[in-house]
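Chemist: Build the 3D model from these lines:
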Amino acid sequence: MSPRDLVDLGEEKGLGGVAITDHDTTAGWADAGVAARACHYPVMRGSEITADHHGISVHMLAYLYIPDNPVLQALFAATRARRIERTKCMVERLSHDFPITWDDVVAQTKEGEDTTIGRPHIADALVAAGVYPDRSAAFAAAVGGKSKYFIPVTSPRVESVIQAVKTAGGVVFIAHPGASSRNRHLLSDEDFHAFADLGLDGLEVHHRDNSPEQQARLTRIATEYNLLRSGGSDWHGAGKPNVLGENTTDPQTVAEIVRRGTIELVGTHLN
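Modeler: The predicted model follows:
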């Protein structure tokens with residue numbers, strides 16, 4: 001869905017604001033800003049960045065940073081290039097067994113190849129071709145991490161992402177760090193301690209992929225290492241079961257993220 005759709009849906013649901021965090025890009029920021037200002041509805045601009053820590057895939061959320069910072073933009077460019085190359089190779093593998101082409105995948109995006117194209121778009125193309133009934137079914141089969149068609153993406157180290165986000169004046173969280181369905185092994189308490197020492201700001205504690213036990217563990221870790229705690233829906237539009245606003249962040253934490261960030265929220269009375 002478009003950034004304007006995001007703003008409209010957030011208002012419709014009565015949320016106090018939303019964050020836009022597309023993978024490895026700021027391409028949606030301008031449209032989100034226009035919609036936020038038109039509706040006087042707060043939008044926190046950010047990005048999601050896939051990192052690696054000794055074989056553990058770590059999704060990181062960068063908020064309110066200077067968008068044209070050369071260090072972070074170079075990291076985005078390299079990551080996007082690797083992601084697109086990996087996605088094209090997966091489509092090539094899939095095309096031998098399914099009626100799917102790269103053009104079919106690009107057709108599932110809002111902005112063509114300006115979009116950070118990934119597995120959700122492959123899944124949508126397979127759904128459009130009638131192979132699977134929905135995106136979740138595609139991820140449970142041909143698009144999933146255990147499929148013979150799967151190709152991992154080469155990602156920067158967590159330490160490099162933290163440094164880049166901080167260089168750009170941003171605030172950095174680790175997304176769904178207790179999601180055992182995404183990684184065979186999870187980050188250890190010692191890992192979180194080391195990342196906190198490097199400048200990590202917080203953990204996304206409230207997320208559908210974090211079990212109650214992991215949420216309790218992450219709450220303890222956040223308290224021990226003085227990290228902020230957030231909640232997120234990880235909403236990707238239609239096609240996934242996630243519902244916008246199913247997990248939220250308390251106003252005090254939002255205010256602290258804004259205080260630490262370099263750029264402002266858009267859509268507030270300040271702008």
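Chemist: Next up, the contacts around the most centrally placed residue in the chain.
Modeler: For the chain, the residue nearest the mean C-alpha position is Glu48 (3.6 Å; Cα atoms, centre = their mean). By Cβ atoms under 8 Å, 6 or more residues apart in numbering, the contact list for Glu48 reads Thr21, Asp22, His23, Asp24, His59, Met60, Leu61, Ala62, Ala175. For the C-beta atoms, the positions are set from N, CA and C on the backbone; glycine is no exception.
Chemist: Can you tell me how far the last one is from Val91?
Modeler: Counting by Cβ to Cβ, to the nearest Å, the gap from Ala175 to Val91 is 26 Å.
Chemist: So, low pLDDT: which residues of the stretch 1-150 of the chain?
Modeler: Of all residues in the stretch 1-150 of the chain, those with pLDDT under 70 make up the ranges 112-114.
Chemist: That one: strands as residue ranges?
Modeler: Secondary structure of the stretch 1-150 of the chain by DSSP state E, counting those that start in this stretch: the strands cover 18-23, 43-53, 56-63.
Chemist: Can you lay out the ones you listed as a markdown table showing distance to Ser136?
Modeler: Below are the strands of the stretch 1-150 of the chain laid out as a markdown table (distance: least, Cβ to Cβ, whole Å):
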| stretch | distance to Ser136 |
| --- | --- |
| strand 18-23 | 19 |
| strand 43-53 | 20 |
| strand 56-63 | 18 |
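Chemist: gap between whatever helix or strand Leu218 lives in and the chain center?
Modeler: Counting by DSSP states H and E, the element that carries Leu218 is helix 212-224. Computed by Cα atoms, centre = their mean, to the nearest Å, the chain-centroid distance of helix 212-224 equals 21 Å.
Chemist: CA atoms only: put it into PDB for me.
Modeler: What follows is helix 212-224, C-alpha atoms only, in PDB (Å, rounded to 0.1, in the frame of the first residue of the first chain):
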ATOM      1  CA  PRO A 212       5.300 -14.200  25.900                       C
ATOM      2  CA  GLU A 213       8.500 -15.800  27.400                       C
ATOM      3  CA  GLN A 214      10.700 -13.900  25.000                       C
ATOM      4  CA  GLN A 215       8.800 -10.600  25.800                       C
ATOM      5  CA  ALA A 216       9.500 -11.200  29.500                       C
ATOM      6  CA  ARG A 217      13.100 -11.900  28.700                       C
ATOM      7  CA  LEU A 218      13.500  -8.800  26.500                       C
ATOM      8  CA  THR A 219      11.800  -6.600  29.100                       C
ATOM      9  CA  ARG A 220      14.300  -7.800  31.700                       C
ATOM     10  CA  ILE A 221      17.200  -7.100  29.300                       C
ATOM     11  CA  ALA A 222      15.900  -3.700  28.400                       C
ATOM     12  CA  THR A 223      15.700  -2.800  32.100                       C
ATOM     13  CA  GLU A 224      19.100  -4.200  32.900                       C
END
